[in-house]
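K.L.:
All I have is the shape, not the residue letters:
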């Protein structure tokens, strides 16, 4: 689907009449609808596949005519919350990555750049080590708190001096703070074996055991983040032309950056809170989306938000079947599958398109 | 990221000594500074040897190094603390030179051997040995780190190669492979017994705990070979800093010089990582500190190495004593020192309006 569309786009004469633009828009819309359809299919797959395979018919039947049987319970009580958390987290990471790359105008920017993952990790480690917390829903608040505090500090550090928060300053401040927090995290973990034993499973990023509580906890943050982020598309398009041009076009640069940073923090903080740090989605999904639809943020952002959950859920499903009866965490699978895929993409696509 | 690249090119200082065949510029400031740094390394090293659960007075330390002290002191100094301090010095120097080479080559103050995936590969090799190989000692772990690091670097190069190695593609491929390799490391750590996981975590932080003569000898020998090569290549590196075209015009074979420098840089990083793990920030901060102290516009080998050695010895002393009797890994101390340096770099750039 994606390839066919890209080919059509290339074949189009540049700057053709309004009819061409309308057709392109229709194609992109069709692509988005098709991607959403694929997402629905992947969701059904994620409900059906697992330690106990359940036929698709039974999965659908558990919603249309719930009869309380074991299979129906597994689908509705265990797999549905996990899958929905996966959809939310995938959408959040995909969109956060696209926003981060748009605001920094750097295709290598990653939502972790603001120090969100490092802050969340330190908060979780402190919670485990000093307050003896051990439940997933306790981790959610800790991680979200740590992520939020860190990104506020990074933003404050990056906005010192004249000129406000430029992307390079934010990146440097994020890198510095991440290093510092990472060192503190290792210090705690190395001195406390019991904490390491819990932390090592959280830090790889996993969807296992995420239930309705986790879903409800992160839902509002991710919804607000999605709305704010998708609303930034137009001013981000203007910003892509350069700060001065954007100003001349009437864009409020400071507001746009602040709103984008807020959205990234909400999305990435909530995603990390729900699943632990999952690295690769935020970097690769927007790059893939850009290869399909080009640099227009009005399309790039929604495409990223739809492709993100597809990739995350597929990785999760593969992780469930690859090492039966146990599971490989989704954070490991995304990097293990995404890394080589990314290398192939880099070798195929011309650099100008990245 | 291009920051702090517009270095002021200060006029060339020092005295030029010419014979018929060679001419050498002797920079008085660099020589004097190197003397001060070396003295500081010796002083901190002696201090580090003297403190611990069994304190040894400095005078006794000096005598014990030359093996004329009491039996207890001699054992502790000769077997436990002296090799650790020597390892710290040499590992620090190796990381610093390696970092300086990569930063000058990439003309980027944040560059490191990690752009070709070296560190993540070394981590995979070491963790593989720790988790999957029964009874792997430190020798096996070091071996694993070297194989993993160099193997990953080669892999990144091969995959980035497509009618020549394009800089941007190299970085992207390095990121992709680095992610995949780190995923395997994480997987191994979740599958490990908890004591193996802890050993892996210590290794990943970078630690000098329990380093003995069996570590000093290979690193020392490696440095004896690599540092002279680096010294010869450093001349070309300084020309390369002027840009590839200028360097070529001045008679440097750019491709060959770059390849040689990358190989030496990776070999030094491999040596250091194999003996102490990936100690953070030494490679990053030593070259610019040396540059600032010497007031040299380019890479200076000896001061850079000495700054790295001094930082590592000091950080190890801090890490050993700050929560005594618990010894923290040295990598935590270097990160706590290095992160503020990055922040300082940031504020300075903001003040001077460079960003």
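P.N.:
Happy to help now that I have it. Since we're looking at a predicted model, the values are computed, not measured. Numbering: from 1, shown residues only, chains lettered A, B, ... in the order given.
K.L.:
pLDDT weak spots in the chain?
P.N.:
I went with chain A, as the question did not name one. A:1-19, A:161-168, A:349-354 (pLDDT under 70).
K.L.:
The chain in question should be chain B.
P.N.:
Using pLDDT under 70, chain B drops low at B:1-14, B:22-24, B:67-69, B:164-167, B:346, B:349-355.
K.L.:
Now it against chain A: closest residue?
P.N.:
Nearest to chain A, among the residues of chain B, is residue B:180, at 2.8 Å (C-beta to the nearest C-beta). Heads up, the C-betas are built off the backbone N, CA and C, glycines and all.
K.L.:
Does that residue touch residue A:334 like I think?
P.N.:
No: with contact defined as C-beta atoms under 8 Å, residue B:180 does not reach residue A:334; the gap is 10.1 Å.
K.L.:
who's more crowded, those two?
P.N.:
residue A:334 (29 against 24; other C-beta atoms under 10 Å in any protein chain shown).
K.L.:
Count the neighbours of residue 282 for me.
P.N.:
Answering for chain A, as no chain was given. 30.
K.L.:
ah, no, chain B please
P.N.:
Residue B:282: 31 neighbours (other C-beta under 10 Å).
K.L.:
OK, contacts around it?
P.N.:
Applying C-beta atoms under 8 Å, 6 or more residues apart in numbering or on different chains, we find residue B:282 in contact with B:92, B:95, B:96, B:99, B:308, B:311, B:312, B:334, B:338.
K.L.:
does the spatially most central residue of chain B belong to a helix or a strand, and which?
P.N.:
Computing the C-alpha centroid of chain B and ranking residues by C-alpha atoms, centre = their mean puts residue B:95 first, at 0.8 Å. Assigned by DSSP states H and E, residue B:95 belongs to helix B:82-106.
K.L.:
What of residue B:17?
P.N.:
strand B:15-18.
K.L.:
contacting residues for the residue lying closest to residue A:235 once chain neighbours are set aside?
P.N.:
Sequence neighbours aside, residue A:256 is the residue nearest to residue A:235 in space, at 4.2 Å (criterion: C-beta to C-beta, 6 or more residues apart in numbering or on different chains). Shown in contact with residue A:256 (C-beta under 8 Å, 6+ apart): A:103, A:232, A:235, A:236, A:239, A:246.
K.L.:
need the residues you listed in JSON lines with neighbour count and secondary structure, can you?
P.N.:
Converted to JSON lines, those look like this (neighbours: other C-beta atoms under 10 Å in any protein chain shown; DSSP: H, G, I helix; E, B strand; the rest coil):
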{"residue": "A:103", "neighbour count": "23", "secondary structure": "helix"}
{"residue": "A:232", "neighbour count": "22", "secondary structure": "coil"}
{"residue": "A:235", "neighbour count": "22", "secondary structure": "helix"}
{"residue": "A:236", "neighbour count": "27", "secondary structure": "helix"}
{"residue": "A:239", "neighbour count": "23", "secondary structure": "helix"}
{"residue": "A:246", "neighbour count": "19", "secondary structure": "helix"}
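K.L.:
remind me, longest helix of the chain?
P.N.:
The chain I'm using is chain A. helix A:18-48 (DSSP state H).
K.L.:
that answer is for a different chain, and I need it for chain B
P.N.:
helix B:213-240.
K.L.:
buried residues in it?
P.N.:
With burial defined by 16 or more other C-beta atoms under 10 Å in any protein chain shown, the residues of helix B:213-240 counted as buried are B:215-216, B:219, B:222-223, B:226-227, B:230, B:233-234, B:236-240.
K.L.:
quick one: the helices in the stretch 51-200 of chain A?
P.N.:
A:56-64, A:70-73, A:80-104, A:116-131, A:136-158, A:167-191, A:193-202 (DSSP state H, counting those that start in this stretch).
K.L.:
Of those helices, give the one that comes closest to chain B.
P.N.:
Taking C-beta to the nearest C-beta, helix A:167-191 is the member of the helices of the stretch 51-200 of chain A nearest to chain B, at 3.4 Å.
K.L.:
Quick one: name the residues of the stretch 151-300 of chain B near chain A.
P.N.:
B:159, B:162, B:166, B:168-169, B:171-173, B:175-184, B:186-187, B:189-190, B:194-195, B:197-198, B:201-202, B:204-205, B:280-281 (C-beta under 8 Å from any C-beta of the partner chain).
K.L.:
Quick check on the residues you listed: which are buried?
P.N.:
Here, 16+ other C-beta under 10 Å leaves B:159, B:169, B:171-173, B:175-184, B:186-187, B:189-190, B:197-198, B:201-202, B:204-205, B:280-281 buried among those.
K.L.:
Alright, I will stop here.
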